[in-house]
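In: Sharing a model that was predicted from the sequence below.
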Amino acid sequence: MLGTLLLASAVLGGDLPFPVGEELVYSVSWNGIRVATAIASTSMEIMDGREVLVLRQHTETYAVFKVWPVDDNHETLVDPKTFLPIQYTKNIKEGGYRCHEITTFDFKEKVARYEHQTNGSQKEYPIEADTRDILSFLYFMRSSPLEPNQVLKRQVMADEKLYDLIVTTEEEEEVRLPDYKRKIPSLRMVPEAMFDGLFVRKGKATLWVSRDSRRLLTFAKVHVPLGSVRIKLQKVNGPGDDFWIKEKKDDDD
């Protein structure tokens, strides 16, 4: 779940709305206790002789947090020309739960092919011309200017299903981040997912996205069965000359 909230990016056939090499560092707190760090990154790599944009997100609990250890990895290979996913890999370890699966996207045939890497189970299901996994979708959304009081509807792939994701934008608020002196104007929004016309996980999360050109997730609140999880942007690393890079507090501040 955490991985699905920690990222976002790009425009079709144009420049990416983030610098390649960007790294976003988040803190993850559960019921007010800081329990994990999450890192989202982008890179351009050559795979099978083809240049691809690679989106990665890794969440890992601290060693002292042994109640429910988490080591989640999500990776999407993206065609940089169309910003459509080529392959999505999920490899997660949460408590005693394990899941390692790979989904490949064939937009010519409009089909996604899923394979579980542990038990060998396979599945094919139809997709639309612009279907994305949740990771590439969140990055793709960074190309879209957002204003208060909008309702956006998109289709995403998650858990071997296609969901209609409905995002409602609300008010602009200022978010204070630990590594930046200024408060960050951010748009509050609420995502809801529908499967076969029925709402699922309704009202579980509230997100705040920065109003600058990067449109970063600055803060998120997620209600879970055993309390609440808060995700907050700590700092932005990588190339760039905007305030995200120039106005970070020094480690000694």
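Out: Ah, there it is.

In: Please verify my assumption that residue 100 contacts residue 74.
Out: No - taking contacts as CB atoms under 8 Å, residue 100 lies outside contact range of residue 74: 11.4 Å. Every C-beta, even on glycine, is put in place using the N, C-alpha and C of the backbone.

In: Need the residues touching each of those two.
Out: Here residue 100 and residue 74 have 89-92 as joint contacts, going by CB atoms under 8 Å, 6 or more residues apart in numbering.

In: Secondary structure, distance to residue 175 and pLDDT for those - can I get that in a markdown table?
Out: Shown next, in a markdown table, are the shared contacts of residue 100 and residue 74 (DSSP: H, G, I helix; E, B strand; the rest coil; distance: CB to CB, whole Å; pLDDT from 0 to 100):
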| residue | secondary structure | distance to residue 175 | pLDDT |
| --- | --- | --- | --- |
| 89 | strand | 31 | 97 |
| 90 | strand | 29 | 95 |
| 91 | strand | 31 | 95 |
| 92 | strand | 28 | 92 |
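
In: Just the mean pLDDT for the longest helix anywhere in the chain, thanks.
Out: Criterion DSSP state H: the longest helix present in the chain is helix 134-140. Here helix 134-140 scores 91 as its mean pLDDT.

In: in the helix or strand that comes right after it, what's buried?
Out: Per DSSP states H and E, the first helix or strand lying C-terminal to helix 134-140 is strand 151-158. Neighbour-count burial for strand 151-158, counted by 16 or more other CB atoms under 10 Å, picks out 154, 156-158.

In: coming back round to it: could you check which of residue 100 and residue 74 has the larger neighbour count?
Out: Neighbour count, other CB atoms under 10 Å: between residue 100 and residue 74, residue 74 has more, with 23 against 15.
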